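Peer 1: please work out how this folds:
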Amino acid sequence: MIFEDGALLETAIDITFILLMLAIVVAFIRLVLGPSLPDRVVALDLITVLAVAFSALFAIAAEEPAFLDVAIALALIAFLATVAFARFAERRRLRAIASSKEAEEGS
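Peer 2: Sure, this is the predicted structure:
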């Protein structure tokens with residue numbers, strides 16, 4: 001056989017690390033070049049999801065379950081940040097609607 005004891009798992013982990021890093025680079029490019037704020041927020045959310053996956057994969061590779069706690073905490077923080085941004089965007093939209101109505105009434 002080509003792969004001995006655990007060699008297949010190690011190879012799969014190495015390939016997955018490379019793919020995760022490539023995905024983080026692409027998401028970071030979108031974060032920098034994103035034409036709008038929602039594009040940048042989605043890219044940042046994707047980066048946090050990839051960081052959670054990276055942490056979980058590292059926990060498997062290092063056989064250290066403490067990194068799973070890091071992944072769970074990071075996922076929770078990412079979720080709360082997404083909810084906070086959604087509330088911010090909604091308030092911003094409502095303010096824009098209110099100001100356009102005031103401008104129409106004033107003219």
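
Peer 1: kindly list the longest helix within the protein.
Peer 2: Longest helix in the chain, counting residues (DSSP state H): helix 66-106.

Peer 1: how far does that helix sit from its chain's centre?
Peer 2: 15 Å (CA atoms, centre = their mean, to the nearest Å).

Peer 1: which other helices and strands contact it?
Peer 2: On a contact count with 3 or more CB pairs under 8 Å, 6 or more residues apart in numbering; DSSP states H and E, helix 66-106 meets helix 37-62. C-beta here means a position set from N, CA and C on the backbone, and glycine is covered the same way.

Peer 1: so, low pLDDT: which residues of the chain?
Peer 2: Along the chain, the model assigns pLDDT under 70 to residues 1-3, 107.

Peer 1: repeat that with 80
Peer 2: 1-6, 101-107 (pLDDT under 80).

Peer 1: ok, back up a step: quick check: angle from the longest helix of the chain to helix 37-62?
Peer 2: 170 degrees (axes from the mean of the first three to the mean of the last three CA atoms, to 10 degrees).

Peer 1: distance between stretch 15-32 and the chain's centre?
Peer 2: Distance, centroid of stretch 15-32 to centroid of chain: 11 Å (CA atoms, centre = their mean).

Peer 1: contacts for that stretch next, please.
Peer 2: Stretch 15-32 has contacts (CB atoms under 8 Å, 6 or more residues apart in numbering) with 39-40, 42-44, 46-47, 50-51, 53-54, 57, 61.

Peer 1: noted, bye for now.
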